[in-house]
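*Asks:* okay, here's the prediction I keep looking at, along with the sequence it came from:
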Amino acid sequence: KDVTFEVTSTQPFSEPYVQGEGHQPRTGSDWKAILDKANVRRGVTGKTINGKYTGNVPEQETLAGTGAERPLTDAWYSW
């Protein structure tokens, strides 16, 4: 769904993860609440698009400000 964010882990990759007894996996609505509380916005990537750093602005808003329909880097893939 074109959503990107960074996650930190306290579990070293060299050690297998074992879920605790009684562990209940998080649901989609759990993750939505967690990401909303963290103020994560859809479309925010922090990329530089057409020479403009997007920071915490969604890519589509940045594109609208440049007058472009899509990032110049996407043009390479369109041929």
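*Replies:* Looks like it arrived, so ask away.

*Asks:* remind me, longest helix of the protein?
*Replies:* With DSSP state H applied, the helix covering the greatest number of residues in the chain is identified as helix 28-37.

*Asks:* specify the residue positioned farthest from the middle of this protein.
*Replies:* For the chain, the residue at maximal distance from the C-alpha centroid (Cα atoms, centre = their mean) is Glu21, at 30.6 Å.

*Asks:* could you look up the SS state of that one?
*Replies:* Glu21 falls in the coil class when you classify it by DSSP: H, G, I helix; E, B strand; the rest coil.

*Asks:* tell me which stretches of the protein form helices.
*Replies:* According to DSSP H, the chain carries its helices in the segments 28-37, 59-66, 72-75.

*Asks:* among those, which is nearest Lys52?
*Replies:* Closest to Lys52 of the helices of the chain, according to Cβ to Cβ: helix 59-66, at 5.8 Å. Every C-beta, even on glycine, is put in place using the N, C-alpha and C of the backbone.

*Asks:* which one of the helices of the chain is the most hemmed in?
*Replies:* Stretch with highest mean neighbour count among the helices of the chain: helix 59-66 (a mean of 15; mean count of other Cβ atoms under 10 Å).

*Asks:* show me what it is packed against.
*Replies:* Using 3 or more Cβ pairs under 8 Å, 6 or more residues apart in numbering; DSSP states H and E as the contact definition, the elements that helix 59-66 packs against are strand 48-49, strand 52-53.

*Asks:* pairing partners for the first one, with directions?
*Replies:* Spelled out, that is strand 48-49. Strand pairing for strand 48-49, using DSSP bridges, gives strand 52-53 (antiparallel).
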